[in-house]
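Asker: could you work out the structure for the sequence below:
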Amino acid sequence: MIPSIAALLCGLVFGLGLILSGMGNPAKVQNFLDFFGRWDPSLGFVMGGAIAVGLIAFTWAKRRRTALLGEPMLLPASTVIDRKLLTGSALFGIGWGLAGFCPGPALMNLATLTPQVWLFVAAMLVGMWAHQLWAAQKS
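Answerer: Residues are numbered from 1 along each chain as shown. Got it, this is the predicted structure:
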């Protein structure tokens, strides 16, 4: 029960951070990426803050064998930068730039009942499903 409550609280804090930072607003995200137009650098500070917190948290987590609630610490072990990683990163970035959403803010914005958000999430789920099918055929 406690892990579920902790997960809920973490999700609420994450969602609140998305709202307060403007990451849930696709126009703000697209303006951040529009270097030669209406460039808005404020999300750079949001990302810089997130990276700083992440560096501290992951440095601390690497020294632990268990998470704060006693579960095993499961951190990524691979450091390989391969074609699959670069392709996935490029597709993520292109989708983020075109739509102004990445998965977290898109899920948060489902509550707005905006058709474009629902279409984006549907397309994201279809893409995830298609990748699962493709990956299963390769193995």
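
Asker: biggest helix in this protein by residues?
Answerer: When the chain is parsed with DSSP state H, its longest helix is helix 115-138.

Asker: tell me the buried residues in that one?
Answerer: Using 16 or more other C-beta atoms under 10 Å as the test for burial, helix 115-138 gives Val117, Phe120, Val121, Met124. Heads up, the C-betas are built off the backbone N, CA and C, glycines and all.

Asker: Leu33: which of those residues is nearest?
Answerer: Nearest to Leu33 among the buried residues of helix 115-138 is Phe120, at 16.1 Å by C-beta to C-beta.

Asker: surely that closest one and Leu107 touch.
Answerer: No - assessed by C-beta atoms under 8 Å, Phe120 is found out of contact with Leu107, at 10.0 Å.

Asker: what sits up against the longest helix of the chain?
Answerer: Gly95, Ala99, Phe101, Pro103, Ala106, Leu107, Asn109, Leu110 (C-beta atoms under 8 Å, 6 or more residues apart in numbering).
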